[in-house]
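Kindly generate the corresponding structure for this input.
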Amino acid sequence: QVPLVESGGGFVQAGGSLRLSCSASRQIFSSYAFGWFRQAPGKEREFVGAISWSGNTTFYADSVKGRFAISRDNAKNTMYLYMNNLKPEDTAVYYCGARFPASSWYTGYVYWGQGTQVTVSS
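Numbers count the residues shown, from 1 in each chain. Below you'll find the model as predicted:
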């Protein structure tokens, strides 16, 4: 059983918006902080952004800062990635991960989802 499940990917034109969701069990969601990563064809997986366990703090890669936003809904055990003003270079498979609350934004991820494809056309 996959511990995290992403949804919401799809095909969008440049300048458009998408919202990705990442759902987890209550046990996992209440115990971990979360983050988003992406991997484009032929490239390494890269950090997109993350949110603290409390949800009070977020941190983003420079490439998405000002365009993407992360939030979490503890009542729904779901984290979201709001993506605005999408660019063709945002095309990738997007993964959510659960990390230890005390770890850095980039490391300590122990659970992953299966990924969801986002394709942005020019």
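
C-alpha from now on. contacts and neighbour counts both.
Noted.

Residues touching stretch 17-35, excluding its own?
By CA atoms under 8 Å, 6 or more residues apart in numbering, the residues outside stretch 17-35 that reach it are 3-10, 12, 48-54, 74, 77-86, 96-101, 105, 113.

State the distance from the spatially most central residue of the chain to residue 100.
By CA atoms, centre = their mean, the mean C-alpha position of the chain lies nearest to residue 36, the distance being 2.8 Å. Distance, residue 36 to residue 100, using CA to CA, to the nearest Å: 14 Å.

Which residue ranges of this structure form strands?
4-7, 10-13, 18-24, 33-39, 46-51, 58-60, 68-73, 78-83, 92-99, 109-112, 116-121 (DSSP state E).

ok so, going back, distance of the closest residue to the residue nearest to the centre of the chain other than its chain neighbours relative to residue 122?
What sits nearest to residue 36 in space, not counting adjacent residues and going by CA to CA, 6 or more residues apart in numbering, is residue 96, at 4.5 Å. According to CA to CA, residue 96 stands 25 Å off from residue 122.

Just want to know which of these two has more residues nearby.
Using other CA atoms under 10 Å as the criterion, residue 96 and residue 122 rank with residue 96 on top: 30 against 11.

mind listing what that one touches?
The contact partners of residue 96, taken as CA under 8 Å, 6+ apart, are 4, 6, 22, 34, 35, 36, 37, 112, 113, 115.

What count of nearby residues applies to residue 73?
If we define neighbours as other CA under 10 Å, then residue 73 has 12 of them.

typo on my end, residue 9
By other CA under 10 Å, neighbour count at residue 9 equals 18.

mind starting the numbering at 5 from now?
Taking 5 as the first residue, the last one we looked at is residue 13.

ok, it touching residue 120?
Yes. Using CA atoms under 8 Å, residue 13 is in contact with residue 120, at 5.3 Å.

what's in contact with stretch 80-89?
18-30, 33-34, 38, 40, 71-77.

hang on, the earlier thing: format the strands of the chain as JSON lines; extra columns: mean pLDDT.
JSON lines is the format used below for these (pLDDT from 0 to 100):
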{"stretch": "strand 8-11", "mean pLDDT": "96"}
{"stretch": "strand 14-17", "mean pLDDT": "98"}
{"stretch": "strand 22-28", "mean pLDDT": "98"}
{"stretch": "strand 37-43", "mean pLDDT": "97"}
{"stretch": "strand 50-55", "mean pLDDT": "98"}
{"stretch": "strand 62-64", "mean pLDDT": "98"}
{"stretch": "strand 72-77", "mean pLDDT": "97"}
{"stretch": "strand 82-87", "mean pLDDT": "98"}
{"stretch": "strand 96-103", "mean pLDDT": "97"}
{"stretch": "strand 113-116", "mean pLDDT": "96"}
{"stretch": "strand 120-125", "mean pLDDT": "98"}
